[in-house]
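In: pasting the sequence and the predicted coordinates here, then a few questions.
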Amino acid sequence: MRNKAEIVIIGGGVIGACIAYNLAHKGMKDIVVLEKNYIASGSTGSCGAGIRQQWGTEMNCLLSKKSMEIFENMNESLKVKRDIELKQGGYLLLAYSEKEFKQFKENIKLQNSIDIPSQLLTVKEAKEIVPQLNIDGVKGATYCSTDGHANPFRVNQAYVEAAKRKGVQFYTYTRAQDIVTQNDEIKSVVTDRGVIETNKVVNAAGGFSKEVSLMAGIDIPTKSERHQILVTEQVNPILKPMVMSFSYNIYCQQIPDGSFVMGYGDPDEQHSHNIKSSWQFLEKMAKKSTYLLPFLKDIRVIRQWAGLYNVTPDAQPILDESDKLKGFFMAVGFSGHGFMIAPFTGVLMAEMILGERLSMDIKLDVKRFEHDRLILEPSVV
Amino acid sequence: MRITKHPILDFNRGKKITFQYKGQEITAYQGETIAAALYAAGIRVLKKSNKYKRPRGLFCAIGNCASCYMVVNGVFHVKTCITKVKEGMVVEEETEKGDIID
C-alpha cells in the first residue's frame, strides 16, 4: 500500500469515484481512494437510480441538469465497457392539493428559466402519459421528458475504471480510521492497512460523512436515515416515466430490464445507520403502489433492500472546503439525490480542490447552516 | 414416468384429463401440478432465461424460484410447479418477459 498521496478520497461510491476521475482527468497525480467495503456498496448501490431535474431550488436544478448532460454522453466520454443503461422516460410528478400544485408552478418557472424542459400538466394530460394511472385526488402534475434512470453500479464502475486508467489507486476493503492534523493542516490518514501521508482529504463517505468529518475534528450537520426500496420481477415495458408524488409520498419506475423499483420516505424514520428491510415497508409499499398503479397487483416482489440518505437541514449537499481545516474537502449530505447529481459534482469538486475557477457559482458551503440563510428544497421524497 | 408405489405415501390419482402444451395434447391426472404432468410426459425445458435464452427446467418445485414460469391460458409468469393442471388448459413456453393483463 502507498504511504504517500497527493490526495486521499474517503468513499468509493459514485461521488468519490467521480471526484477521483475528474481530478485525474485534470492532470493530478497520486490520487488514492479508500473504500471500506466494495465499490458501490453504500448509498450508491442502494439508491433508487432515478435522475430528476425537476427540483425546487436553483442549486439542485442546475446540478441535476448539468449532470444529465454528462449522463447522456457517459458511454462515450468514459469509454465504458458496459452500457450505463440510461433511460430517459421522463418523471411525472403528481400534486394532491392546490397548495402543492402552486409549488409545482413555481418550480416549473424556475426550471424553465434554466432551460430544463419541464412542463405543467392537467390531470387529463398526466393520464395520457400514464394511461393506467389512478387519478383520484390528483390536482395536477408536472413532467420532464429528459428525466430518467441509469444503473448506479455501472456508472460507479465506469468512473472507477476511467479513473484507474488515469492512474488513480483504489483500495477497497480498506477503512479510514483517523485523520491526523497538526496546526490546522492535514498530515496523514490512518487506515486499517497502514498510514498514508497527505495534505488533502475528501470526505465522500455518504452515510458516514459525519463520522469521517469527526475524525478530522470537524462537526457537520449531516444525519443519516434509512430509506427502503423494493424491486419486482421483470415484465415487458408498460410504464414509461418515473411516477412520483411528494404528498402521497411514493416513487415508482420501471427500469430497462423490466422490473419496477419503488420506495417512499418514512416520516417516522429515526436517524441511524440501520439498513435492515422491514415487513412494514413491504406491506405499505404494496398498498401505496397498487392504489396509484393498479396493474402492479399481479406482479411479484422479488427483493427489498435499504440504504442511507445522508441529509442536511435544507436537503441540499455540502460541497465545500472546511474553513477550519485547510485541505479538508466535503462532498456530502446529498439528501437522497447524490447519484443523479454526481457527474457534475465531481467536476465542481475537482475544480475546487485544484483552486480553479468553478464552472458554476455554487452556494453550498458548510457555513450556510450557521448563518440561518437556508433555502429549503421543497421537493423531496 | 410416475411413481406408482411408495413405502410411505399413497397415491390416489384423480381422473385422467388432457391439456395443451405447445399445440400438443398431454395426458395428466387431476390433482397433479402442471410441471409434474409435463415432467411425466418427458418435457424437461419449461422456459428460457430472459437474457441469454438458456433452457430452464423444474428446479425448486416449491414455488420459490422463477424457473418454471409459463404462459397458462394467456397469463404470463404462472408458477407451474404449484399450479394444478385442469382439463383443457393451454400451456405455452414464455418467449419474452410477458405483458401484464389488467
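Out: Now that the structure is in, tell me what you want to look at. Numbering: from 1, shown residues only, chains lettered A, B, ... in the order given.

In: give me the domain ranges for chain A.
Out: Domain segmentation of chain A under automatic domain parsing yields A:7-46+A:153-222+A:314-369, A:88-146+A:223-311.

In: how about A:H273: what's its closest non-neighbour residue?
Out: In space, and not counting its chain neighbours, A:H273 is closest to A:S224: 5.7 Å by C-beta to C-beta, 6 or more residues apart in numbering or on different chains. (C-beta placed from N, C-alpha, C; glycine too.)

In: just to revisit the earlier point, put together JSON lines for the domains of chain A, with mean pLDDT on each row.
Out: Output for the domains of chain A, formatted as JSON lines (pLDDT from 0 to 100):
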{"stretch": "domain A:7-46+A:153-222+A:314-369", "mean pLDDT": "97"}
{"stretch": "domain A:88-146+A:223-311", "mean pLDDT": "96"}
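
In: for the residue nearest to A:H273, name its beta-bridge partners.
Out: A:N310 (DSSP bridges).

In: sec struct for the residue positioned nearest the centre of chain B, please.
Out: Central residue of chain B (C-alpha atoms, centre = their mean): B:A35, 2.7 Å from the mean position. Reducing the assignment at B:A35 to three states with DSSP: H, G, I helix; E, B strand; the rest coil gives helix.

In: list the contacts of residue 72.
Out: If you meant another chain, say so; for now it's chain A. Residues in contact with A:E72, defined by C-beta atoms under 8 Å, 6 or more residues apart in numbering or on different chains, are A:L86, A:Q88.

In: not quite, go with chain B.
Out: Counting by C-beta under 8 Å, 6+ apart, B:V72 touches B:I34, B:V78, B:T80, B:T83, B:M89, B:V90, B:V91, B:E92.

In: what about these, which are in strands?
Out: Among the contacts of B:V72, the residues falling in strands (DSSP state E) are B:V78, B:V90, B:V91, B:E92.

In: let me see the contact set for the last one.
Out: So the one you mean is B:E92. Taking C-beta under 8 Å, 6+ apart as the test, what B:E92 contacts is B:Y21, B:K22, B:M70, B:V71, B:V72.

In: what does chain A have sitting close to chain B?
Out: A:132, A:233-236, A:238, A:258, A:294-295, A:298-300, A:302 (C-beta under 8 Å from any C-beta of the partner chain).

In: stretch B:26-41 - what's its average pLDDT?
Out: Here stretch B:26-41 scores 95 as its mean pLDDT.

In: may I see the buried residues of that stretch?
Out: Buried residues in stretch B:26-41, counting neighbours by 16 or more other C-beta atoms under 10 Å in any protein chain shown, are found at B:I26, B:A28, B:Y29, B:E32, B:T33, B:I34, B:A35, B:A36, B:A37, B:L38, B:Y39, B:A40.

In: where's that stretch relative to the chain centroid, distance-wise?
Out: 7 Å (C-alpha atoms, centre = their mean, to the nearest Å).

In: and stretch B:14-34, by the same measure?
Out: Remark: stretch B:14-34 is offset 9 Å from the chain centroid, using C-alpha atoms, centre = their mean.

In: what's the burial count for the nearest residue to A:D30 once chain neighbours are set aside?
Out: Residue nearest to A:D30 in three dimensions, not counting chain neighbours: A:E6, with 4.0 Å by C-beta to C-beta, 6+ apart. A:E6: 14 surrounding residues under other C-beta atoms under 10 Å in any protein chain shown.

In: residues contacting residue 61?
Out: Just so you know, I chose chain A. Going by C-beta under 8 Å, 6+ apart, A:C61 touches A:Q53, A:Q54, A:W55, A:L110, A:Q111, A:I114, A:I116.

In: my question was about chain B, not that one.
Out: B:A61 makes contact with B:A35, B:C68, B:C81, according to C-beta under 8 Å, 6+ apart.

In: any chance of these in CSV, with distance to chain A too?
Out: Shown next, in CSV, are those (distance: C-beta to the nearest C-beta, whole Å):
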residue, distance to chain A
B:A35, 17
B:C68, 13
B:C81, 14
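
In: now do the helices in the chain.
Out: This is for chain A. A:14-25, A:58-72, A:74-77, A:98-113, A:123-129, A:152-165, A:209-215, A:279-292, A:338-353 (DSSP state H).

In: try chain B instead
Out: Under the criterion DSSP H, helices of chain B are mapped to B:34-40.

In: pLDDT below threshold where in it?
Out: Within chain B, the segments meeting pLDDT under 70 span B:101-102.

In: rerun at 80
Out: For chain B, residues meeting the criterion pLDDT under 80 lie at B:1, B:100-102.

In: what about residue 63, how many neighbours?
Out: In the absence of a named chain, chain A is used. 28.

In: wait, chain B
Out: B:G63 has 13 nearby residues by other C-beta under 10 Å.

In: next one: A:K166
Out: Counted with other C-beta under 10 Å, the neighbours of A:K166 add up to 17.

In: for A:S113, see how far away the residue nearest to it when sequence neighbours are not counted is.
Out: In space, A:K166 comes closest to A:A24 once its chain neighbours are excluded; the distance is 3.6 Å by C-beta to C-beta, 6+ apart. For A:A24, the distance to A:S113 equals 35 Å [C-beta to C-beta, to the nearest Å].

In: looking at these two, which is more packed in?
Out: The residue with more neighbours, out of A:A24 and A:S113, is A:A24; 20 against 10, by other C-beta under 10 Å.

In: ok so, going back, the residue nearest to A:D30 is in contact with A:I31, isn't it?
Out: Yes. The pair A:E6 / A:I31 is scored as a contact, 6.3 Å apart, by C-beta atoms under 8 Å.

In: how many residues are close by the nearest residue to B:I43 once chain neighbours are set aside?
Out: Spatial nearest neighbour of B:I43, excluding adjacent residues (C-beta to C-beta, 6+ apart): B:Y21 at 6.8 Å. Using other C-beta under 10 Å, B:Y21 has 20 neighbouring residues.

In: contact partners for B:Y21?
Out: Per C-beta under 8 Å, 6+ apart, neighbours of B:Y21: B:L38, B:A41, B:I43, B:V91, B:E92.

In: pull the most distant pair out of these.
Out: Using C-beta to C-beta, those reach their maximum pairwise distance at B:A41 and B:E92, which is 15.0 Å.

In: what does chain B have sitting close to chain A?
Out: Counting by C-beta under 8 Å from any C-beta, chain B sits next to chain A at B:N50, B:A66, B:F76, B:H77, B:E96, B:K97, B:G98, B:D99, B:I100, B:I101, B:D102.
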